[in-house]
Every structure is written in structure tokens, then in C-alpha cells.
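Q: Sequence unavailable; structure follows:
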């Protein structure tokens with residue numbers, strides 16, 4: 001009897017934080033999960049912030065993450081379709097995933113039709129109302145001039161500086177308890193509801209919030225946040241009929 005293939009979604013692993021030693025434990029757990037889903041995965045969507053920091057120079061990428069990258073290459077070579085969405089921590093990705101792993105990389109939410117269901121999928125940062133400070137900062141970080149100037153820093157300095165600043169974020173270090181803000185204040189919920197005024201979607205799937213949640217945004221549409229692999233170790237799976245949130 002043929003195995004029913006499934007579609008998996010995961011985000012916000014933040015490998016590299018808060019320390020290499022602590023990150024490696026989470027890395028090993030994630031690799032074990034990837035190994036387990038290999039037998040029944042049709043598609044894997046990685047929704048951003050796989051790394052706590054990632055910057056691609058023309059000839060250099062950050063050191064480490066060999067187990068994760070090797071396992072992704074193994075899944076891809078075995079026939080699993082993989083899609084990668086950059087997050088706010090790995091937004092300086094270039095073509096490494098595409099050339100080395102043959103994994104397409106997206107910088108904005110994308111529409112997919114999966115088993116006759118319509119999905120809008122992305123990382124989730126900078127969407128919806130508010131958070132104007134971050135939106136201004138993102139424009140600076142993604143500006144071609146900013147990226148060009150940063151590339152002039154030696155990788156030992158550039159990567160080290162970014163990692164130092166990133167782990168000061170309490171959310172990534174695991175010291176901050178993320179709270180549900182309520183449907184009227186969850187900006188991704190508001191974003192989904194606005195998108196429904198433009199087009200019908202069956203499912204919205206995002207990360208970024210580090211908080212697993214499932215919310216009906218209309219009678220026929222659901223928003224799901226995949227949580228993270230820092231505190232919750234949650235992921236989503238679509239079996240062709242239902243989209244479910246699970247914990248590993």
C-alpha cells in the first residue's frame with residue numbers, strides 16, 4: 001500500500017543562538033525530525049529564520065550548520081520538494097541554497113495550490129499594520145548599498161558582530177515569554193483578513209511570531225503560525241484534507 005504523502009511546514013529554528021553548544025542540541029533534534037518525515041514528505045516549506053544569522057559573501061557563507069544542510073540536501077536528492085522563505089534573521093541570503101541544494105528561495109509571501117487548496121505562505125515579518133520601526137529598518141538592511149558596504153567587512157568581523165547583536169534578543173535566547181495579543185491585535189491575523197478582501201485563500205501559513213496558533217479568519221479560511229524550534233518545537237502538516245499543528 002502506497003504511503004500517503006504529506007506537506008510539512010516549519011520555521012524559526014534560529015540555529016547558532018544563543019550559543020553554538022545549545023544550538024547544536026536543537027539542530028540534532030531538527031535533523032532527527034527531518035529524517036523521520038523523509039519517508040512521507042511530498043513537500044517541505046521552511047518559513048524563515050532557519051539560522052539566527054546568515055550573510056552570503058560572494059565566496060563565503062557562515063561556518064557551521066553542516067548537519068542541517070546535509071540533511072536538506074539528502075531530502076532534496078531523494079525527491080522531496082523543498083521551498084525556503086527568508087526571515088528577518090536570514091534575509092541576506094543570495095543564491096547558495098539555489099546553486100548548492102537546488103532549493104528555491106523566496107523573499108515575499110507566495111501563493112501555492114496544494115491538493116486543490118489555496119495557500120498564502122511566507123515568513124510573516126513586516127506584514128500587516130504597525131511595526132513601522134522594523135519596516136524602516138528592513139528597508140535599510142535590504143538596500144543594495146547597505147549590503148555592499150557590509151560585504152567590505154571581513155567575515156570574521158561581520159558575522160561575529162551580527163551574531164553578538166542577535167543573541168542579545170531575549171526572544172532568541174529563550175528568556176522572553178511570547179504572549180498572544182488577541183485577534184484584534186495580532187497583526188498577521190489582520191493581514192490575513194485584509195488579504196481575504198482581495199482573494200479567497202483556504203490557508204495562510206506563517207512563522208516569525210514564535211507562537212504556535214490556529215485561528216479561523218473566515219468561515220472558510222484558517223491562519224496557522226508554525227511556532228518555533230527554540231521553545232515549542234512545533235510544525236504544521238497538511239495531509240491533503242486538513243492542515244494541523246503538531247509538536248515534535
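A: Good, I have the coordinates. The shown structure was predicted, so the numbers you read here are calculated from the model rather than taken from an experiment.
Q: going forward, measure contacts and count neighbours with C-alpha atoms only.
A: Will do.
Q: I'd like to know which elements the biggest helix by length in the chain is packed against.
A: Longest helix in the chain by number of residues (criterion: DSSP state H): helix 20-37. Counting contacts by 3 or more C-alpha pairs under 8 Å, 6 or more residues apart in numbering; DSSP states H and E, helix 20-37 packs against helix 66-77.
Q: Go through the helix it packs on and flag the buried ones.
A: Going by neighbour count (16 or more other C-alpha atoms under 10 Å), the buried part of helix 66-77 is 68, 71, 72, 73, 74, 75, 76.
Q: now stretch 227-244
A: Applying 16+ other C-alpha under 10 Å to stretch 227-244 flags 227, 228, 229, 230, 231, 233, 234, 235, 236, 237, 238, 243 as buried.
Q: what do you get for stretch 108-121?
A: Buried residues in stretch 108-121 (16+ other C-alpha under 10 Å): 109, 118, 119, 120, 121.
Q: Mind checking which of the residues you listed land in strands?
A: By the criterion of DSSP state E, membership of the buried residues of stretch 108-121 in strands covers 118, 119, 120, 121.
Q: residue contacts, the first one?
A: With contacts taken as C-alpha atoms under 8 Å, 6 or more residues apart in numbering, residue 118 has the following neighbours: 111, 112, 200, 201, 202, 203.
Q: nearest to residue 58, of those residues?
A: For these, the closest approach to residue 58 (C-alpha to C-alpha) belongs to residue 111, at 30.1 Å.
Q: Just say helix, strand or coil for that closest one.
A: strand (DSSP: H, G, I helix; E, B strand; the rest coil).
Q: which residues touch it?
A: Under the criterion of C-alpha under 8 Å, 6+ apart, the neighbours of residue 111 are 118, 119, 120, 121.
Q: Of those residues, just say which sits nearest to residue 61.
A: residue 121 (26.1 Å).
Q: Identify all residues paired with the closest one through a beta bridge.
A: Beta-bridge pairing of residue 121, defined through DSSP bridges, involves residue 110, residue 205.
Q: From residue 67, how far off is it?
A: 26 Å (C-alpha to C-alpha, to the nearest Å).
Q: One more: residue 188?
A: Taking C-alpha to C-alpha, one finds residue 188 at 32 Å from residue 67.
Q: Need the contact partners of the helix or strand residue 82 falls within.
A: Applying DSSP states H and E as the criterion places residue 82 in strand 81-85. With C-alpha under 8 Å, 6+ apart as the test, strand 81-85 has contacts from 42-48, 76, 103-109, 122-123.
Q: which stretches of this protein form strands?
A: 6-10, 41-46, 81-85, 105-106, 110-114, 117-121, 203-206, 213-216, 222-225, 234-238, 243-247.
Q: Is it possible to get CSV of those strands that adds mean pLDDT?
A: Converted to CSV, the strands of the chain look like this (pLDDT from 0 to 100):
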stretch, mean pLDDT
strand 6-10, 98
strand 41-46, 98
strand 81-85, 98
strand 105-106, 96
strand 110-114, 98
strand 117-121, 98
strand 203-206, 98
strand 213-216, 97
strand 222-225, 98
strand 234-238, 98
strand 243-247, 98
